[in-house]
Structures are given as structure tokens and as C-alpha cells.
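K.L.:
Please find the sequence and the predicted model below.
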Amino acid sequence: MRYERTASFKADWNRLSADERTLVRTQLTAFNAAADDIASHGGDKRRWPTALRVHDLQGTKGVWSVTFHFAGPDMRATFEWGHDDNGPKVVWRRIGRHSVYQAP
């Protein structure tokens, strides 16, 4: 699986504390494995493990959310699926607190 980050995601990432970044990095291993599994099974997004708390974001078209941590700090990210000549990819859109849902 390939990944891309939007300018908004990069700016959000730079605002995170070192502890927040570490927390997200520890959760990305499970996310990456699940994304690879989904891509290898024809994009069946029902295959997300429930522990990752991934869901399509209501009121948007094609934007998904993953919750990395609920209890202090509340860490979430939004992403969408992309595809190009090299195959499927995840495009990271935003990362931070629940407020990222206001402009996902």
C-alpha cells in the first residue's frame, strides 16, 4: 500500500506534540496491515478490524475516519482511497482532535 499526505495533513502533523506523533505511529502498524488486506481483497472496506474504529465520514463523499486514541489525547485522522498507475493508495487528509471533522 502506498500513502500520500495532503498539505493540510502535513500542517496538522507539524502541530502535533512529540507524544502525539509517537501515539499515532504505534497505531499505524495495524492500520497499514488492514489497508494492505483490504487492497488485496478487491477493496472490500468491510474488512476493517473493529479495534481500528474506521468508518466513512457522514456528510462527505469518499472520506473516511480512523480513531487512533479516544482517551487523552483524542487522536483521529481522515483519509480517502486513491488509485493511480501504481495501484491503490491511501491519501491522508487531516490529523488531530475531533475538530478535524469540521474540514475533513
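P.N.:
Thanks, I have the structure now.
K.L.:
From here on, just use CA atoms for contacts and neighbour counts.
P.N.:
Will do.
K.L.:
which strands and helices sit next to the helix or strand harbouring residue 27?
P.N.:
Assessed by DSSP states H and E, residue 27 sits inside helix 18-40. Counting contacts by 3 or more CA pairs under 8 Å, 6 or more residues apart in numbering; DSSP states H and E, helix 18-40 packs against strand 64-69.
K.L.:
Quickly run through the sheet partners of the strand it packs on, with directions.
P.N.:
strand 54-56 (antiparallel), strand 75-84 (antiparallel) (DSSP bridges).
K.L.:
Export these as CSV, with columns for distance to residue 26.
P.N.:
Rendered in CSV, the data for the strands paired with strand 64-69 read as follows (distance: least, CA to CA, whole Å):
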stretch, distance to residue 26
strand 54-56, 16
strand 75-84, 12
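K.L.:
Would you tell me which of those strands gets closest to residue 63?
P.N.:
Of all the strands paired with strand 64-69, strand 75-84 sits nearest to residue 63, with 4.9 Å by CA to CA.
K.L.:
Extract the C-alpha trace of that closest one and format it as CSV.
P.N.:
Provided in CSV are the C-alpha atoms of strand 75-84 (Å, rounded to 0.1, in the frame of the first residue of the first chain):
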residue,chain,number,x,y,z
MET,A,75,-6.4,11.4,18.1
ARG,A,76,-8.2,11.0,14.8
ALA,A,77,-7.3,11.2,11.1
THR,A,78,-9.2,11.5,7.9
PHE,A,79,-8.3,9.8,4.7
GLU,A,80,-9.6,8.7,1.3
TRP,A,81,-8.8,5.9,-1.0
GLY,A,82,-6.9,6.8,-4.2
HIS,A,83,-5.7,4.9,-7.2
ASP,A,84,-3.2,5.6,-9.9
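K.L.:
Cool, thanks, talk later.
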